[in-house]
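J.: No sequence on hand, only this structure:
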């Protein structure tokens, strides 16, 4: 099996700064060579890995804003947010935001449509 990225992985590790990821890699199921190639291709795509890692670490430790309702300031971990039972895509911090988005936020019109990759009912 030919993996085009694998030809470059040998020299990518050092150039990608994967040594800085050593603490992040420990305890995860992702093989280091896979992470090295991901880092390489993200850099090739013009992404700033330091900023991305900082954001990921912050969200992992403190949580993020995952509620679909615009202006909601609730911060938490992704698994703490409720998922719309119909589309399984929209997330909410609680019942109040879910009800608000269903009645006035436009989710009712979009839920179950191709906008979420579901069949229209």
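T.: Happy to help now that I have it. Just so it is clear, the structure is predicted and the values come from calculations on it, not from any experiment. Residues are numbered from 1 along each chain as shown.
J.: end to end, how far does stretch 65-85 reach?
T.: Here the two ends of stretch 65-85 are set 20 Å apart, with distance taken as Cα to Cα, to the nearest Å.
J.: Domains of the chain: list them as residue ranges, please.
T.: The chain breaks down by automatic domain parsing into domains covering 6-62, 64-121.
J.: Using JSON lines, lay out those together with mean neighbour count and mean pLDDT.
T.: All C-beta spots, glycine's among them, are computed from the backbone N, C-alpha and C. As requested, those are exported to JSON lines (neighbours: other Cβ atoms under 10 Å; pLDDT from 0 to 100):
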{"stretch": "domain 6-62", "mean neighbour count": "13", "mean pLDDT": "68"}
{"stretch": "domain 64-121", "mean neighbour count": "15", "mean pLDDT": "84"}
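J.: In terms of helices and strands, where is the residue nearest to residue 69 when sequence neighbours are not counted?
T.: Of all residues not flanking residue 69 in the chain, residue 97 sits nearest, at 4.3 Å (Cβ to Cβ, 6 or more residues apart in numbering). Using DSSP states H and E, residue 97 sits within helix 95-103.
J.: cool, and residue 39?
T.: Assigned by DSSP H and E, residue 39 falls in helix 32-44.
J.: Tell me the first helix or strand C-terminal of that helix.
T.: Next along the chain from helix 32-44, counting by DSSP H and E, comes helix 49-62.
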